[in-house]
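**Q** Sharing a model prediction with you, sequence too.
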Amino acid sequence: MSAYAQTSKDSIIRLNPGFSLASSTGQDTNAYRPRRLRVDEVNLVSSYYKQNGNHSAVTGGIGTENVTDIANGIDLKLVWLGNTLNKNTLSVGLGFDHHTSASAAYVSQTGASNTGGSRVYPSLDWTVENTKKGTSFGVGSYYSGEYNYQSLGADLHFSAKTANRMGEFGVKLQGYFDHVKLIYPSEFIPTSTTTVTTVTTASGNSSSSESGGKANIPSSPRNTYTASFSYSQIVTSRLQIMFLADVVTQHGFLSLPFHRVYFSNGKDTIERLPSSRFKLPLGFRANYFLGDNVILRSYYRYYTDNWGSKSNTANLEIAYKVTPFFSISPFYRYYTQTAAKYFAPYEQNSPTQAYFTSNYEYAKFNSQFFGAGFRIAPPKGVLGWENLHELELRYGHYKQNVGLVSDVVSVSLGFK
Amino acid sequence: MTHKLVKIAGCLLLATSLTSCVHLKEYQKSRINDSEMALSNRKVERNELNFQSYREAASGANAGKTGGGCGCN
């Protein structure tokens, strides 16, 4: 007979907020005391990313896109129960990336700019979950800082389960308040303010002026507001699905000051894009447990925006459980997009246009991303280390039909 | 635009109709509760989603963040 059968459901919940089954009967269920703060989970994620291509926006749609990036992040999840049995979760995150970008050298015409840069991004989220009602409410904040770009974000999120607990509705309201440092290509820096100023890097920190002091570079705001909606539903004991929709508006300086555009007449200038953008991505997920060993994880997204880009994304991952605690997951993602109406390749934009870019992010292309991952989560811990409850390793190869290729390898460690 | 609204309305109608699909007891949720059945991205995917959002025009509707960070390298 199980521990559940020996006592009432209510006393289990009240005596054991962490849902331990090691309870005994006959205790005073009214003597509940809130569980103290404890570390529920710590996750570490590290990635190495390498890309190459020949359509850099810094050099107007031609030139190297060689990039390497090392990203590291740690997330700490703290949990405690309040007086009303609400579950409180505080998530504290910190990320640190370092990249090298070959094209950044050409912010300066001489190719002498710094090619390296770093980014740090802490985050904080507090969520209160009422397990009886099936609702949760939370607030979050986020910061990202790199030499030429600062971002401050905040969000409110709410979720509620349906009466039968088979479905859940979620909404999240986010605001990001960014500042883009106006680092122009060296040939466009006004001579009256430069003389010998060599503020020429997209992400590095080498700037100097004639007086020897650090140049004071102005920045321009970019604000992003997002309303995210989701609805998930358990359809059968093997199938669950989710609908996702985001409504995104952006305002402010949406181009990047060090992206060059070469017109059809041979002259060049910097990228110019509208000061507002509306995006509407609609997503759908379906996960199906096939037999006893296979999980099909699928995702589809339709995207449209008012700059003229439309896209479709389809992703399928097949997780095969070699054992209950070890799985291998090959995946394949196909992506296609139409060009934004402001995009044209090198020397194909017209100087009479109001807006123009040669950034291939806005070009017409399709991409494929494929690879495999594996996950180990044995009950006695990975390699016998009890605290390390999960290890995931994943490699992917990405290829656009406009020449950009990249590889990414990631590892995730979960500690309890 | 009308077609889009019809599609969205259709999805919402489908979602609403699914709420009465099934009611599972806890012991019937062993497969649904498997950690790899979660309707979310894997933790190990986090940086992949970042680079995709920087290299492609589309982003969002995948429960990831939809702003912040330049990605301009």
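**A** Sure, I can see it.

**Q** A:S329 sits in which helix or strand?
**A** strand A:326-337 (DSSP states H and E).

**Q** A:V58 touches A:S108, doesn't it?
**A** No. Using CB atoms under 8 Å, A:V58 is not in contact with A:S108; the gap is 10.1 Å. Backbone N, C-alpha and C define where each C-beta goes, glycine included.

**Q** With adjacent residues omitted, what lies nearest to A:S358?
**A** In space, and not counting its chain neighbours, A:S358 is closest to A:G61: 3.3 Å by CB to CB, 6 or more residues apart in numbering or on different chains.

**Q** low-scoring pLDDT stretches of the stretch 51-200 of chain A, where are they?
**A** A:191-200 (pLDDT under 70).

**Q** Can you name the residues of it that neighbour chain B?
**A** A:51, A:67, A:69, A:71, A:73, A:99-101, A:104, A:117, A:119, A:121, A:142, A:144, A:146, A:148-149, A:151, A:153, A:162, A:164, A:166-167, A:174, A:176, A:178, A:180 (CB under 8 Å from any CB of the partner chain).

**Q** Just the buried ones among these, please.
**A** A:51, A:67, A:69, A:71, A:73, A:99-101, A:104, A:117, A:119, A:121, A:142, A:144, A:146, A:148-149, A:151, A:153, A:162, A:166-167, A:174, A:176, A:178, A:180 (16 or more other CB atoms under 10 Å in any protein chain shown).

**Q** In strands, which of those appear?
**A** A:51, A:67, A:69, A:71, A:73, A:99-101, A:117, A:119, A:121, A:142, A:144, A:146, A:149, A:151, A:153, A:167, A:174, A:176, A:178, A:180 (DSSP state E).

**Q** which residues does the closest residue to A:A160 other than its chain neighbours bridge with?
**A** Nearest residue to A:A160, sequence neighbours excluded (CB to CB, 6+ apart): A:T135, at 4.7 Å. Legend: beta-bridge partners of A:T135 under DSSP bridges are A:N130, A:A160.

**Q** Show the contacting residues for A:S118.
**A** Shown in contact with A:S118 (CB atoms under 8 Å, 6 or more residues apart in numbering or on different chains): A:F96, A:D97, A:H98, A:H99, A:E146, A:Y147, A:S203.

**Q** Can I take it that B:Y27 is in a helix?
**A** Yes. Counting by DSSP: H, G, I helix; E, B strand; the rest coil, B:Y27 is part of a helix.

**Q** Kindly provide the distance from it to A:F356.
**A** 61 Å (CB to CB, to the nearest Å).

**Q** With neighbour numbers in mind, choose between the two.
**A** A:F356 (22 against 8; other CB atoms under 10 Å in any protein chain shown).

**Q** Local confidence estimate at the more buried one?
**A** We have a pLDDT of 96 for A:F356.

**Q** distance of it from A:A163?
**A** When A:F356 is compared with A:A163 (using CB to CB), they lie 54 Å apart.

**Q** How about A:R119?
**A** 44 Å.

**Q** do the same with A:G82
**A** A:G82 is 24 Å from A:A163, by CB to CB.

**Q** These two: which is more packed in?
**A** A:G82 (12 against 9).

**Q** Name the residues that touch stretch A:87-97?
**A** Against stretch A:87-97 from outside (CB under 8 Å, 6+ apart): A:17, A:40, A:69-82, A:118-129, A:131, A:138, A:140.

**Q** now the contacts of A:S118 as a markdown table including distance to A:Y346?
**A** Below are these laid out as a markdown table (distance: CB to CB, whole Å):
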| residue | distance to A:Y346 |
| --- | --- |
| A:F96 | 35 |
| A:D97 | 29 |
| A:H98 | 30 |
| A:H99 | 24 |
| A:E146 | 27 |
| A:Y147 | 27 |
| A:S203 | 23 |
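
**Q** Would you write out the PyMOL command that picks the buried residues out of those residues?
**A** Selecting only the buried entries of those in PyMOL, with 16+ other CB under 10 Å as the criterion:
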select buried, chain A and resi 97+99+146+147+203
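
**Q** between the contacts of A:S118, which is nearest B:C72?
**A** Nearest to B:C72 among the contacts of A:S118 is A:S203, at 7.4 Å by CB to CB.

**Q** can you pull the pLDDT of the closest one?
**A** 46.

**Q** same thing with B:M1?
**A** Reported pLDDT for B:M1: 52.

**Q** Excluding chain neighbours, what is closest to A:N72?
**A** Closest to A:N72 by CB to CB, 6+ apart is A:S46, at 4.8 Å.

**Q** Just the element for that neighbour, please.
**A** Residue-wise, A:S46 maps onto strand A:38-52 under DSSP H and E.

**Q** in that strand, what's buried?
**A** Buried-residue list, strand A:38-52, by 16+ other CB under 10 Å: A:D40, A:E41, A:V42, A:N43, A:V45, A:S46, A:S47, A:Y49, A:Q51.

**Q** A:K77: neighbouring residues, count only.
**A** A:K77: 18 neighbours (other CB under 10 Å).

**Q** what packs against the host helix or strand of it?
**A** A:K77 belongs to strand A:67-81 when assigned by DSSP H and E. Applying 3 or more CB pairs under 8 Å, 6 or more residues apart in numbering or on different chains; DSSP states H and E, we find strand A:67-81 packed against strand A:38-52, strand A:87-101, helix B:46-55.

**Q** Now do the shortest one, average pLDDT.
**A** What that stands for is helix B:46-55. pLDDT averaged over helix B:46-55 gives 91.

**Q** Any chance you could give me it in PDB, C-alpha atoms only?
**A** Extracted C-alpha coordinates of helix B:46-55, given in PDB (Å, rounded to 0.1, in the frame of the first residue of the first chain):
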ATOM      1  CA  ARG B  46      18.500  28.900 -24.700                       C
ATOM      2  CA  ASN B  47      21.400  30.300 -26.600                       C
ATOM      3  CA  GLU B  48      20.300  28.700 -29.800                       C
ATOM      4  CA  LEU B  49      17.100  30.700 -29.600                       C
ATOM      5  CA  ASN B  50      19.100  33.800 -29.100                       C
ATOM      6  CA  PHE B  51      21.200  33.400 -32.200                       C
ATOM      7  CA  GLN B  52      18.200  32.500 -34.300                       C
ATOM      8  CA  SER B  53      16.400  35.700 -33.200                       C
ATOM      9  CA  TYR B  54      19.500  37.700 -34.200                       C
ATOM     10  CA  ARG B  55      20.000  36.100 -37.600                       C
END
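
**Q** how many degrees apart are it and strand A:326-337 in direction?
**A** Helix B:46-55 and strand A:326-337 are oriented at 10 degrees to each other (axes from the mean of the first three to the mean of the last three CA atoms, to 10 degrees).

**Q** and if you look at the first one?
**A** Strand A:38-52 and strand A:326-337 are oriented at 50 degrees to each other (the same axes, to 10 degrees).

**Q** Out of the buried residues of strand A:38-52, which comes closest to A:F343?
**A** A:Q51 (19.6 Å).

**Q** do you know how far the closest one is from A:T100?
**A** For A:Q51 relative to A:T100 (CB to CB), the value is 11 Å.

**Q** my read: A:N306 touches A:L273, true?
**A** No. If you go by CB under 8 Å, A:N306 and A:L273 don't touch, sitting 11.8 Å apart.

**Q** ok, now which ones touch A:G61?
**A** Contacts of A:G61 by CB under 8 Å, 6+ apart are A:H55, A:V261, A:Y262, A:P345, A:Y346, A:S358, A:N359, A:Y360.

**Q** Tell me the bridge partners for the second one.
**A** Legend: beta-bridge partners of A:V261 under DSSP bridges are A:T269.

**Q** now it: how far from A:V405?
**A** From A:V261 to A:V405 the distance is 24 Å (CB to CB).
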